[in-house]
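>>> Please work out how this folds:
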Amino acid sequence: MAERRRRDSRRNQEERDEFDERVVDIRRVAKVIKGGRRFAFRTVVVVGDGKGNVGVGIGKARAVPDSIRKAAERARRNIEGVSLSGATIPYTVIGRHGGARVLLKPAAPGTGVIAGGGVRAVLEVVGVRNILTKSQGSANLLNVTMATLDALKQLRSSEQLAEIRGKPVREVAPVWERRRDSGGEHA
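Next up is the predicted model:
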C-alpha cells in the first residue's frame, strides 16, 4: 500500500514537471452572510506543455496557496489541443468571452509574443513564439484569458481546412509556409 502511494506521488510529480504553470490572476472575493462578509481568493491558472496543449483552471479557497493548487488541478483536467503552425498560429482569429474580445494575428519569425497579461500567459504556455495580439472590451483578466482560449479553440490546421474546403493543402497553407516550401520564391 505504501509503495503504491509513493509510486502515485512520483507519477503526479512527473506530471506536474512536464507542464508550464502560470498564475494569471488572484482576486479577493467576498460572500455576504448574516454576520458580515466572508472573504476568499479566486485564482486563475494556465497550464500548458509548450507543444500545442493548454488548460485554464479557476480555484477558490480561503487561503491563496489552496486556491492556486485547486486552480492548477482543474487546469490539468481541462487541457485541450490547439492547432499551431510552427511557432505561430495559421491565420487571424477573434475570440470572445463575456465583454472581452481578443484578436490573435500570426507574425513572422523573430517577432516575439506581442501581448500582455492573460493573453501572454496563455500563448506562452501553449508554445506560440511569434504573434501579434489586441485585447478589446473588458479588461477583466479571467474574461481576457477565456477569450484567448476561445480564439485558440477556433483554429484549424492546414490539413483540416483543405479537407473542409475541398482544396489542396498548398492553397490553404499560411503564406510563410508556401514561401518556405517553394524555396524562397514569391508565392
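>>> for this structure, which spans come out with low pLDDT?
Applying pLDDT under 70 to the chain flags residues 1-17, 175-187.
>>> Now the most centrally placed residue in the chain: phi and psi?
Centre of the chain computed as the mean C-alpha position; nearest residue by Cα atoms, centre = their mean is residue 122, 3.4 Å away. Phi and psi for residue 122, reported as degrees, to the nearest 10, are phi -60, psi -50.
>>> Kindly indicate whether the residue lying closest to it once chain neighbours are set aside is helix, strand or coil.
Nearest residue to residue 122, sequence neighbours excluded (Cβ to Cβ, 6 or more residues apart in numbering): residue 148, at 4.5 Å. Any C-beta I mention is one placed from the backbone N, CA and C, and that applies to glycine too. With DSSP: H, G, I helix; E, B strand; the rest coil as the basis, residue 148 sits in helix.
>>> Residue 148 contacts residue 120, correct?
No - using Cβ atoms under 8 Å, residue 148 is not in contact with residue 120, being 9.2 Å away.
>>> neighbour count winner among those two?
Neighbour tally, residue 148 and residue 120, criterion other Cβ atoms under 10 Å: the higher count belongs to residue 148, 29 against 19.
>>> Contact partners for the more buried one?
Listed by Cβ atoms under 8 Å, 6 or more residues apart in numbering, the contact partners of residue 148 are 95, 102, 104, 118, 119, 122, 123, 133.
>>> Enumerate the beta-bridge partners assigned to the last one.
Here residue 133 sits in beta bridges with residue 104, going by DSSP bridges.
>>> what's the burial count for it?
20.
>>> The first one now?
The number of residues packed around residue 95, counting by other Cβ under 10 Å, is 22.
>>> Is it correct that it is in contact with residue 147?
Yes - the pair residue 95 and residue 147 qualifies as a contact (Cβ under 8 Å) at a distance of 4.3 Å.
>>> which neighbours do those two share?
Common neighbours of residue 95 and residue 147, using Cβ under 8 Å, 6+ apart, are 101, 102.
>>> Can you give me the distance of the residue of the chain positioned farthest from its centre to residue 60?
When distances are taken from the C-alpha mean of the chain, residue 35 lies farthest, 39.7 Å away, according to Cα atoms, centre = their mean. For residue 35, the distance to residue 60 equals 20 Å [Cβ to Cβ, to the nearest Å].
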